[in-house]
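Novice: Output the structure for:
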Amino acid sequence: MKRFLLVLATALLASGAFAQTATDQFGTIINEASQQGWLQINVENAANFIFEVEPFLLDVRSEEEFAAGHLEGAVLVPVTQLSERLSELPEDLSTPMIVYCAAGTRGNFALALLKLAGYENVRNMSGGFNGWKTAGFPYTE
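Specialist: As a prediction, the model looks like this:
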């Protein structure tokens, strides 16, 4: 995970696409992540959280993966389109949100982008949709 964040930070800095403010925000995200279990939630805790809190569910996989199965109520925004489609997400930046992909890697990229966009209460489901299915939790086909 540390390697992922280092690669992401390096890519952001090398691209020149983000202002110094974004770099500072990314440092804050890394600090927060290191203190909060890397902003991850396992599938068992995610299932409880979904039942109790009813968070916004963001699936960042491809359209094909989504069509093959997804969490009920999830909104599909592929990670490759996320920065252009933030308007499809809740306006309230404090809305509880779980982001997931197939296993967790794309979810981590989405998590970093969402944190940079100002979302305060977002977690990546470690193990992703594959972990969800393996645990035997329900999903929509």
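Novice: what ranges do the strands span in the chain?
Specialist: Remark: strands assigned in the chain by DSSP state E are 40-41, 56-59, 75-76, 97-100, 122-125.
Novice: Adding mean pLDDT, mean neighbour count and distance to residue 106, write those strands out as a markdown table.
Specialist: The way it works is simple: take the backbone N, C-alpha and C, and place the C-beta from them, glycine included. Listed next are the strands of the chain as a markdown table, based on pLDDT from 0 to 100; neighbours: other C-beta atoms under 10 Å; distance: least, C-beta to C-beta, whole Å:
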| stretch | mean pLDDT | mean neighbour count | distance to residue 106 |
| --- | --- | --- | --- |
| strand 40-41 | 95 | 20 | 14 |
| strand 56-59 | 98 | 24 | 10 |
| strand 75-76 | 98 | 18 | 12 |
| strand 97-100 | 98 | 27 | 9 |
| strand 122-125 | 96 | 26 | 9 |
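Novice: Export the ones you listed as a markdown table, with columns for distance to residue 65.
Specialist: Converted to a markdown table, the strands of the chain look like this (distance: least, C-beta to C-beta, whole Å):
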| stretch | distance to residue 65 |
| --- | --- |
| strand 40-41 | 20 |
| strand 56-59 | 8 |
| strand 75-76 | 9 |
| strand 97-100 | 11 |
| strand 122-125 | 14 |
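Novice: Minimum distance to residue 67: which of those strands has it?
Specialist: strand 75-76 (9.0 Å; C-beta to C-beta).
Novice: Okay, now the sheet partners of the closest one, with direction.
Specialist: Paired strands of strand 75-76, with direction, are strand 56-59 (parallel) (DSSP bridges).
Novice: CA atoms of the partner strand as CSV?
Specialist: What follows is strand 56-59, C-alpha atoms only, in CSV (Å, rounded to 0.1, in the frame of the first residue of the first chain):
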residue,chain,number,x,y,z
PHE,A,56,-23.2,5.7,-1.2
LEU,A,57,-21.7,2.7,-3.1
LEU,A,58,-19.3,3.5,-5.9
ASP,A,59,-18.2,0.7,-8.2
